[in-house]
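**Student:** my questions are about this predicted structure, shown below with the sequence.
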Amino acid sequence: MRILVLALEGLFDTGLAVTLDAVATANHIASRAMGGTLRFDVSVVGVRKKVRSGQGFTVPVERIEPGLKPDWVVVPAPNATTPEQLLSALARADVLDAQAQLLRWHAAGVPIAASCIGTFLLAETGLLDRREATTTWSLAPLFRQRYPQVLLDESRMLVPTDVGITAGAAMGHLDLALWLIGRASPELAAMVSRYLLADVRSLQAPYIIPNHLAMADPLIHRFERWARDNLKGGFSLQEAARALATSSRTLQRKCEAVLGQSPLAFFQDLRVERARSLIHGSSMAVDAIAAEVGYEDGATLRTLLRKRLGRGVRELRAEFR
């Protein structure tokens with residue numbers, strides 16, 4: 001499999017390194033344990049002759065030869081952690097040139113894989129419009145605002161489409177690399193995962209911090225503070241709107257626009273977060289924790305935890321043992 005990694009100025013060092021290391025590990029295992037019949041040919045290419053990483057290291061890049069048609073192109077994340085940094089990076093000349101190159105590869109039938117903030121670069125091309133995608137959960141409100149035509153679901157770790165695949169935040173680069181390896185050999189991907197002590201994750205949801213997302217908008221931030229003070233009670237959209245001096249329609253619309261979910265769903269996320277904290281930090285019984293976050297019994301809470309986090313109470317308690 002021929003893979004090109006498209007390196008841009010100021011890229012996220014770990015994203016590039018973990019991608020290359022995972023594939024190198026796959027080649028090592030394949031040569032020793034699988035008869036050497038499978039190999040990944042990886043090159044780091046750039047739209048400029050010189051590329052430095054976000055930490056200032058020089059990244060050796062090869063020139064993109066005209067007509068070069070790999071099996072996959074991988075777009076690592078830029079090292080931009082705030083909306084201001086990211087929007088500035090997206091306006092750079094080299095990033096615009098990279099977008100044009102991605103469109104040429106797509107027109108030639110090359111699938112494109114992007115991880116974390118690299119998904120913004122792919123979305124800028126319009127190739128994700130009317131398609132499902134994921135991105136780094138921490139910048140999901142900005143993604144949703146900037147690309148309203150994309151069907152974003154930041155709770156997922158990997159989202160494949162006919163364009164290629166998008167992956168979630170930061171270490172989602174590793175999940176993406178394992179997925180690409182698995183395309184060639186599921187057995188090899190499983191072995192690489194064990195060598196690197198890398199669990200296969202399907203969800204970002206367990207890692208999302210609700211109050212970080214709420215801070216993207218003043219009204220949602222106020223709603224988040226109100227909700228935390230009212231977790232024990234039953235949720236009422238009308239009551240929440242009155243407390244925030246807004247209308248139910250406005251609160252509903254704003255939650256959908258910023259968070260991609262209803263006020264009730266966000267309220268339930270806060271309940272899950274609080275319950276998870278109590279499971280980790282106390283010896284309270286599940287029924288007592290359920291009452292603390294507004295549920296009548298532990299069975300309801302167990303179902304919600306499993307649905308939202310993909311884990312039950314036993315697994316959550318084991319995380320901190």
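**Tutor:** Sure thing, it's come through.

**Student:** strands of the stretch 151-300 of the chain, start to end?
**Tutor:** 151-152, 158-160, 164-167 (DSSP state E, counting those that start in this stretch).

**Student:** which strands and helices sit next to the helix or strand in which residue 15 is found?
**Tutor:** For residue 15, the host element (DSSP states H and E) is helix 13-33. Identification of packing neighbours for helix 13-33 by 3 or more Cβ pairs under 8 Å, 6 or more residues apart in numbering; DSSP states H and E yields strand 2-6, strand 41-46, helix 172-184, helix 186-195. Heads up, the C-betas are built off the backbone N, CA and C, glycines and all.

**Student:** most tightly packed of these?
**Tutor:** For these, the largest average neighbour count (mean count of other Cβ atoms under 10 Å) is found in helix 172-184, namely a mean of 23.

**Student:** residues contacting that helix, please?
**Tutor:** For helix 172-184, contacts defined as Cβ atoms under 8 Å, 6 or more residues apart in numbering pick out 1, 3, 12, 14-16, 18-19, 22-23, 26, 38, 40, 72, 74, 76-77, 113, 115-116, 136, 157-158, 160, 165, 167-168, 188-190, 192-193, 196, 198, 200-201, 204.

**Student:** one step back: nearest approach to residue 292 belongs to which of the helices and strands packed on helix 13-33?
**Tutor:** Taking Cβ to Cβ, helix 172-184 is the member of the helices and strands packed on helix 13-33 nearest to residue 292, at 32.4 Å.

**Student:** quick one: low-confidence ranges for the stretch 201-321 of the chain?
**Tutor:** 320-321 (pLDDT under 70).

**Student:** give me that answer again for 90
**Tutor:** Applying pLDDT under 90 to the stretch 201-321 of the chain flags residues 201-209, 211, 232-234, 280-284, 295-298, 300, 303-304, 306-321.

**Student:** before we move on, back to that, can I get the helices and strands packed on helix 13-33 in a markdown table with distance to residue 54 and mean pLDDT?
**Tutor:** Converted to a markdown table, the helices and strands packed on helix 13-33 look like this (distance: least, Cβ to Cβ, whole Å; pLDDT from 0 to 100):
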| stretch | distance to residue 54 | mean pLDDT |
| --- | --- | --- |
| strand 2-6 | 15 | 97 |
| strand 41-46 | 15 | 96 |
| helix 172-184 | 13 | 96 |
| helix 186-195 | 25 | 94 |
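
**Student:** of all the ones you listed, which one comes closest to residue 243?
**Tutor:** helix 172-184 (36.6 Å).

**Student:** now do the closest one against strand 2-6, angle only.
**Tutor:** Using axes from the mean of the first three to the mean of the last three Cα atoms, to 10 degrees, the inter-axis angle of helix 172-184 relative to strand 2-6 is 160 degrees.

**Student:** my guess is residue 235 contacts residue 264, does it?
**Tutor:** Yes - the pair residue 235 and residue 264 passes the contact test of Cβ atoms under 8 Å, sitting 5.5 Å apart.

**Student:** surely residue 74 is in a strand?
**Tutor:** Yes - the assignment for residue 74 is a strand, going by DSSP: H, G, I helix; E, B strand; the rest coil.

**Student:** put the buried members of the contacts of helix 172-184 into a PyMOL selection.
**Tutor:** Selection command for PyMOL covering only the buried members of these, criterion 16 or more other Cβ atoms under 10 Å:
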select buried, resi 1+3+12+14+15+16+18+19+22+23+26+38+40+72+74+76+77+113+115+116+136+157+158+165+167+168+188+189+192+193+198+201+204
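
**Student:** and residue 168, what does it touch?
**Tutor:** Here residue 168 is in contact with 115-116, 134-137, 154, 156-158, 175, 204 (criterion: Cβ under 8 Å, 6+ apart).

**Student:** adding distance to residue 298, write the residues you listed out as CSV.
**Tutor:** Converted to CSV, the contacts of residue 168 look like this (distance: Cβ to Cβ, whole Å):
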residue, distance to residue 298
115, 37
116, 36
134, 31
135, 34
136, 33
137, 28
154, 29
156, 27
157, 28
158, 32
175, 32
204, 26
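
**Student:** buried ones in stretch 258-272?
**Tutor:** Neighbour counts over stretch 258-272 (16+ other Cβ under 10 Å) mark 258-260, 263, 266-272 as buried.

**Student:** what is the nearest of those residues to residue 62?
**Tutor:** Within the buried residues of stretch 258-272, distances to residue 62 taken as Cβ to Cβ reach their minimum at residue 260, with 38.5 Å.

**Student:** doesn't residue 137 make contact with the closest one?
**Tutor:** No - Residue 260 lies out of contact with residue 137 (Cβ under 8 Å); the separation is 10.6 Å.

**Student:** got any residues that touch both of these two?
**Tutor:** Looking at what touches both residue 260 and residue 137 (by Cβ under 8 Å, 6+ apart), the common residues are residue 154.
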